[in-house]
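Novice: model the structure of this input:
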Amino acid sequence: MLTRKRRIKAVKTASLLVFVGIAVAAPVTGQSSSWPLAPTGTLRTVFLRTNPIHGRVDPRTGDVSGPVPDMARELARRHQVAARIIPAENPAAVIATLKAGEADIGVLAYDETRATEVDFGVPIMVMSSSYLVKASSSIWSSADVDRPGITVAAVKGQSQELFVSRRLKQARIRVFETMPPDSEATRLLVSGEVDAFAINRQRALDAEASFGSMVRTLPDSFLDVNQCVVVAKGARAQLDEVARSVGELRASGFLQGAVERARLAGAKAAAGSQCN
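Specialist: Predicted coordinates:
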């Protein structure tokens, strides 16, 4: 039977072994790395917090979840580096974060104007876009929207706003600086201040789920756009590594699994390797 002194020594030894095991297993934040996507030892990924296709931020805990955080954490795990997920309010903020060197990679919908500021790598998801209208609206498909007397709302800088501002010729476009809450978007539609809201399909379905007796989502998609990994302009080595690493996630089924875990009806894993 162990004496009291020996028992104390045994406990201290066991505790030290546990501590050492944890220290070895856990990635060390801030430690340098030879992996091109995380030279600081931490993969820093910026995403659109306002886009449920990318991910969601729990308003109570601040926890982030969804396809982009899942992808970032899996890439970091495979390369034994730490992961930092950075929520951004809009596409301009994603670009600014990359330009400032505060993130290594980001995710954005492809657009030719954005390609002048960041470099687009491979697509990870395809996002559908649908119009949200009031329940009693005479608009039943996207083809009914571009007519005189119709006011279409969209959020500045989002891919849906860029599309409707370029393509719609007869409808009036009302551009909002930020996406209003679902309750306010519903009020705008029901009051007749706007006739349709051009947003990504998942966001439209979220609003319909909350205010289904007042609004509805049109059944078709007026714009399918690739959601792509982006890097700072000119980061060629990073783009090559993005193609390789994300290609592995696609081939393994991880990307489709991330979409399914998030229960997204307005997205699917991208099948191709070109972001356009």
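Novice: wait, R203 sits on H54?
Specialist: No: using Cβ atoms under 8 Å, R203 is not in contact with H54, being 11.1 Å away. Using the backbone N, CA and C atoms, a C-beta is placed for each residue, glycine as well.
Novice: who's more crowded, those two?
Specialist: The neighbour comparison of R203 against H54 (other Cβ atoms under 10 Å) goes to H54, with 31 against 25.
Novice: so what's that one up against?
Specialist: F47, L48, G66, P67, V68, V107, Q227 (Cβ atoms under 8 Å, 6 or more residues apart in numbering).
Novice: and the second one, what's its pLDDT?
Specialist: The predicted local distance difference test score for L48 is 94.
Novice: gap between it and E89?
Specialist: 8 Å (Cβ to Cβ, to the nearest Å).
Novice: mind checking which of those two has more residues around it?
Specialist: Remark: of L48 and E89, L48 carries more neighbours, 24 against 12, as counted by other Cβ under 10 Å.
Novice: what about the closest residue to the more buried one other than its chain neighbours, which SS state?
Specialist: Spatial nearest neighbour of L48, excluding adjacent residues (Cβ to Cβ, 6 or more residues apart in numbering): H54 at 4.7 Å. Put simply, H54 is coil when judged by DSSP: H, G, I helix; E, B strand; the rest coil.
Novice: one step back: now, the contacts of H54 that are in helices?
Specialist: P67, V68 (DSSP state H).
Novice: which of the contacts of H54 count as buried?
Specialist: Among these, the ones that count as buried by 16 or more other Cβ atoms under 10 Å are F47, L48, G66, P67, V68, V107, Q227.
Novice: among the residues you listed, which one lies nearest to L239?
Specialist: Nearest to L239 among the buried ones among the contacts of H54, counting by Cβ to Cβ, is V107 at 14.0 Å.
Novice: thought C228 was touching the closest one, still the case?
Specialist: Yes: shown here, V107 and C228 form a contact pair, counting by Cβ under 8 Å, at 6.8 Å.
Novice: any common contacting residues for those two?
Specialist: I124.
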